[in-house]
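>>> The sequence isn't on hand, but the structure is:
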């Protein structure tokens with residue numbers, strides 16, 4: 001009788017689900033900074049406005065990075081549009 005072995009492939013996020021990206025870490029720090037400045041100076045201070053602008057820009061960068069990510073299957077479909085796996089069916 002033949003023995004088969006199952007191999008599970010893990011992604012880096014599965015290996016360490018607590019690991020944050022650099023953008024997420026910087027965004028978290030910027031949020032804390034903006035909140036502290038707001039609590040100290042109120043909403044009419046120029047430094048507070050700049051801090052919140054930084055938070056918005058980091059959120060935008062994070063969103064664009066997420067949209068730019070493509071899985072291996074998506075890259076395969078782009079590279080091989082005639083492959084049966086690349087077909088899209090409307091239901």
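It's in. Note that this is a predicted model, so its numbers are computed, not measured. Residues are numbered from 1 along each chain as shown.
>>> What's the separation between residue 37 and residue 29?
According to CB to CB, to the nearest Å, residue 37 stands 13 Å off from residue 29. The way it works is simple: take the backbone N, C-alpha and C, and place the C-beta from them, glycine included.
>>> Which residue of these two possesses the greater neighbour count?
residue 37 (18 against 12; other CB atoms under 10 Å).
>>> surely the more buried one meets residue 49?
No: counting by CB atoms under 8 Å, residue 37 stays clear of residue 49, with 9.4 Å between them.
>>> Can you show me the helices along this structure?
With DSSP state H, the ranges of helices along the chain come out as 12-15, 22-41, 46-68, 72-79.
>>> so which of these gets nearest residue 88?
Closest approach to residue 88 among the helices of the chain (CB to CB): helix 72-79, 8.9 Å.
>>> which stretches of the chain have low pLDDT?
Low-confidence segments of the chain (pLDDT under 70): 1-20, 66-69, 89-91.
>>> Please spell out which residues along stretch 41-49 are buried.
Within stretch 41-49, the residues that qualify as buried by neighbour count (16 or more other CB atoms under 10 Å) are residue 48.
>>> Now do it: distance to the chain's middle.
Computed by CA atoms, centre = their mean, to the nearest Å, the chain-centroid distance of stretch 41-49 equals 29 Å.
>>> neighbouring contacts of that stretch?
34, 37-38 (CB atoms under 8 Å, 6 or more residues apart in numbering).
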